[in-house]
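**Student:** got a structure for you, letters missing:
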């Protein structure tokens, strides 16, 4: 969802997007041509991908991928709150010591500077670690454990409204929202 000045402000459901376009609160955006459509104009557009279509007994229409709000100008200024879910999104479900991608049940939150040594629970001190690396590090510093971080932990720059994993982003969004830069397991 884009605000009136074409900046991304939110990710919403297809159902809500269609309702907003129907109520004239938003317009459907064609990302290739950057043209906008009202609901009646969108009904007349050809359906390119049959898998991304809404069907009823009397109507078929393409599911909108990008909508432009008619009234909203502001950009949400909220910073991503420090939560377990947001930490998984920031670190892309990857151990920050060995680079292995894991499911949530094989990852834990590790304090770079252990809490027993004055480390805080914050964006700048917490990273994801697989069970093996977390056990190896234990209650020691990185130097004591002989471990190195793939990248330093920092506060993410995205807003909570756009905190999707890269695999959840649609290709058509790339013109409006910068891609999340992923690091491969081999890079340091």
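**Tutor:** Nice, thanks for sending it over. Keep in mind that what you see is a predicted model, and the values were worked out from it rather than measured. Residues are numbered from 1 along each chain as shown.

**Student:** lowest-pLDDT helix or strand in the chain?
**Tutor:** For the chain, the helix or strand with the lowest mean confidence is strand 53-55, at a mean of 87 (criterion: mean pLDDT, DSSP states H and E).

**Student:** can you pull out the residues in contact with that one?
**Tutor:** Around strand 53-55, the neighbours that count as contacts under Cβ atoms under 8 Å, 6 or more residues apart in numbering are 14, 18, 47, 60-63. C-betas here are computed from N, CA, C, even on glycine.

**Student:** buried residues, the one helix or strand residue 134 maps to. List them.
**Tutor:** In the assignment (DSSP states H and E), residue 134 maps to helix 131-137. Within helix 131-137, the residues that qualify as buried are 133-134, 137, counting by 16 or more other Cβ atoms under 10 Å.

**Student:** kindly report the same for stretch 143-158.
**Tutor:** Quick answer for stretch 143-158 (16+ other Cβ under 10 Å): 147, 150, 153, 156, 158.

**Student:** nearest to residue 99, out of the residues you listed: which one, please.
**Tutor:** Among those, residue 150 lies closest to residue 99 (Cβ to Cβ), at 5.7 Å.

**Student:** ok, the closest one touching residue 97?
**Tutor:** Yes: counting by Cβ atoms under 8 Å, residue 150 does reach residue 97; the two are 7.3 Å apart.

**Student:** tell me the SS of residue 68?
**Tutor:** strand (DSSP: H, G, I helix; E, B strand; the rest coil).

**Student:** show me what contacts it?
**Tutor:** Contacts of residue 68 by Cβ under 8 Å, 6+ apart are 2-4, 6, 26-29, 36.

**Student:** what's across from it in the sheet?
**Tutor:** Counting by DSSP bridges, residue 68 forms beta bridges with residue 2, residue 27.

**Student:** please enumerate the strands of this protein.
**Tutor:** With strands called from DSSP state E, the chain shows them at 26-30, 35-37, 53-55, 60-62, 67-69, 107-111, 126-130.

**Student:** make a markdown table out of those and add distance to residue 141.
**Tutor:** Listed next are the strands of the chain as a markdown table, based on distance: least, Cβ to Cβ, whole Å:
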| stretch | distance to residue 141 |
| --- | --- |
| strand 26-30 | 50 |
| strand 35-37 | 55 |
| strand 53-55 | 55 |
| strand 60-62 | 55 |
| strand 67-69 | 48 |
| strand 107-111 | 10 |
| strand 126-130 | 13 |
